[in-house]
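Peer 1: here are the coordinates; sequence isn't available:
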């Protein structure tokens, strides 16, 4: 079974600075997808960024980028120019390349952006 | 568009009671899923459906039933509520398996079983 580990339960960063959230996963699959989801206090789950394992290029979405290291099974999220609105829980998630809908989540990292 | 709508938003049940959590989407998505979120554990998949009439078990299916009679609706039934089922429940939908298409989540149902 696939497992996802987020080793940082809580992190904080000053507004406008950069922070990196860590995620590692365990799988024997070669084709899969990785995600970072944001959950603000409203409880809504919001997709931040997605990476397809067969793509070597790291995904970027505006201030959000990932460092995908397939051999090391590592998938970290970098948030640049942190904003107060980035305060949220962040979940790393894994899904193998198959027809089923089985997405596995890490336990989450609570990020606080300080003014 | 309403997206994914879950009802109710909050519910308190007594041990042994049954209830149905409703989930509806208006995006004509084939794929729908139910997750539960517990403190310190992230989201865990309960059941999922790849289309009308097709459902399957996820990681933590015990104590829950689902059905998918229409593309739009995917209700989750608690057969006999237990305190261990106290959690926040999320429904999600996507036009393809979530790896290939973005999953849209409802706003969650906070369920307390006393």
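Peer 2: Now that the structure is in, tell me what you want to look at. This is a predicted model, so every value here is computed, not measured.

Peer 1: wait, doesn't residue B:16 sit right on residue B:78?
Peer 2: No: the criterion here is CB atoms under 8 Å, and residue B:16 misses it with residue B:78 at 10.3 Å. All C-beta atoms are positioned from the backbone trio N, CA, C, and that covers glycine.

Peer 1: And those two? Which one has more around it.
Peer 2: residue B:78 (20 against 10; other CB atoms under 10 Å in any protein chain shown).

Peer 1: Tell me what that one is bridged to.
Peer 2: Beta-bridge partners recorded for residue B:78 (DSSP bridges): residue B:19, residue B:64.

Peer 1: List the residues that contact it.
Peer 2: Contacts of residue B:78 were listed using CB atoms under 8 Å, 6 or more residues apart in numbering or on different chains, and they are B:13, B:18, B:19, B:20, B:21, B:63, B:64, B:85, B:111.

Peer 1: And the strands in chain A, which stretches?
Peer 2: Assigned by DSSP state E, chain A shows strands spanning A:3-5, A:10-14, A:19-21, A:24-26, A:32-39, A:46-52, A:60-61, A:64-69, A:74-79, A:88-96, A:103-105, A:109-114.

Peer 1: Please apply the same query to chain B.
Peer 2: Using DSSP E, strands in chain B cover B:4-7, B:10-13, B:19-25, B:31-38, B:42-51, B:54-57, B:64-66, B:76-78, B:87-94, B:104-105, B:109-113.

Peer 1: Same list, the ones you listed, but as a markdown table with mean pLDDT please.
Peer 2: Below are the strands of chain B laid out as a markdown table (pLDDT from 0 to 100):
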| stretch | mean pLDDT |
| --- | --- |
| strand B:4-7 | 96 |
| strand B:10-13 | 96 |
| strand B:19-25 | 97 |
| strand B:31-38 | 94 |
| strand B:42-51 | 92 |
| strand B:54-57 | 94 |
| strand B:64-66 | 97 |
| strand B:76-78 | 97 |
| strand B:87-94 | 94 |
| strand B:104-105 | 91 |
| strand B:109-113 | 97 |
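
Peer 1: now those strands in a markdown table, with distance to residue A:51?
Peer 2: Shown next, in a markdown table, are the strands of chain B (distance: least, CB to CB, whole Å):
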| stretch | distance to residue A:51 |
| --- | --- |
| strand B:4-7 | 24 |
| strand B:10-13 | 35 |
| strand B:19-25 | 25 |
| strand B:31-38 | 20 |
| strand B:42-51 | 18 |
| strand B:54-57 | 26 |
| strand B:64-66 | 30 |
| strand B:76-78 | 30 |
| strand B:87-94 | 17 |
| strand B:104-105 | 19 |
| strand B:109-113 | 30 |
